[in-house]
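1. how would this look folded up:
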Amino acid sequence: MSDAAPAVAGVAALAIDCADSPGLANWWSRLLGGSVEVDPERNATLRTLQGLAIDFLRVPDHKTVKNRLHLDLCTSSLAAATQQALALGATRAGDVYDGGRWQVLRDPEGNEFCLLRPNSDPREEGPRLCDLVVVHTGGFARETVEAVRAVNQQEPHGSCSDSWTTG
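-> Numbering: from 1, shown residues only. Have a look, this model is predicted:
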C-alpha cells in the first residue's frame, strides 16, 4: 500500500500470457519448484516454494517482442544454473544481453528471464542481488520488500542479499 494509492493492497501474482498455460506452468515448476494448479479454463498458477504466485493465462497471440517485465533468479552457481535451465529446455537470449554479468535465457514460449551471479562471486560488482525471484518494474511496493527481507532472515539462501532498491 502506498500513500498515493492506499486502496491498492499489494501484488497478488505475476501474470504471464502464453499459449499452453499448464505446459508452461509445469516447465517453470521444474525450474523453480512449487506446485501447479490448473483451473477449468486451462489457465494455471504456479505457487513457488518462496510463496510467489505466477499465473499463466492462455492467450491466442504469440509473443513477438522482448518482455518489458521479466523474472530475475538468484543462483548458487551461474554456470550450473544456466546448464540446468538449458537442459530443461530454456534457450540463450544473447540478442538481449551477452555481457557475462548475468545470463539471459528464454522459456519454451520465448519469455525472457535472467539468472544472476551469486554475491559471493568475485566477478560480481555493483548492487547486491536478492535471493528470491525479483521482477524488474522500476520499483517495488514497500510491503513486498519487507516480506522478502523477513523471509531472508528466516531462511537465508547462500550468499544472496536482501538488499533491494525501491523507487
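
2. quick check: phi and psi on Pro60?
-> Torsion angles at Pro60 (phi, psi; degrees, to the nearest 10) stand at phi -80, psi -20.

3. who touches stretch 57-66?
-> If you take Cβ atoms under 8 Å, 6 or more residues apart in numbering as the criterion, stretch 57-66 is touched by 15-21, 41-43, 96, 109-112. For every residue, glycine as well, the C-beta is placed using N, CA and C.

4. report how many residues lie close to the closest residue to Phe113 other than its chain neighbours.
-> Here the nearest residue to Phe113 in space, its sequence neighbours aside, is Leu71; by Cβ to Cβ, 6 or more residues apart in numbering that works out to 4.4 Å. By other Cβ atoms under 10 Å, 22 other residues sit near Leu71.

5. then Arg30?
-> Neighbour count of Arg30, defined by other Cβ under 10 Å: 14.

6. repeat for Ala9
-> Neighbours of Ala9 under the rule other Cβ under 10 Å: 10.

7. looks like it contacts Met1 (just checking).
-> Yes - applying Cβ atoms under 8 Å as the test, Ala9 and Met1 come out as touching, 5.8 Å apart.

8. quick one, domains of this protein?
-> 11-62, 64-167 (automatic domain parsing).

9. lowest-confidence stretch among those domains?
-> When these are compared on average pLDDT, domain 64-167 comes out lowest at a mean of 69.

10. could I get the full set of helices for this protein?
-> Counting by DSSP state H, the chain has these helices, from start to end: 21-32, 78-88, 142-154.

11. helices or strands up against the second one?
-> When contacts are defined as 3 or more Cβ pairs under 8 Å, 6 or more residues apart in numbering; DSSP states H and E, helix 78-88 sits against helix 21-32, strand 102-106, strand 112-116.

12. gap between Ala85 and Phe113?
-> 8 Å (Cβ to Cβ, to the nearest Å).

13. what of Ala19?
-> Counting by Cβ to Cβ, the gap between Ala19 and Phe113 amounts to 17 Å.
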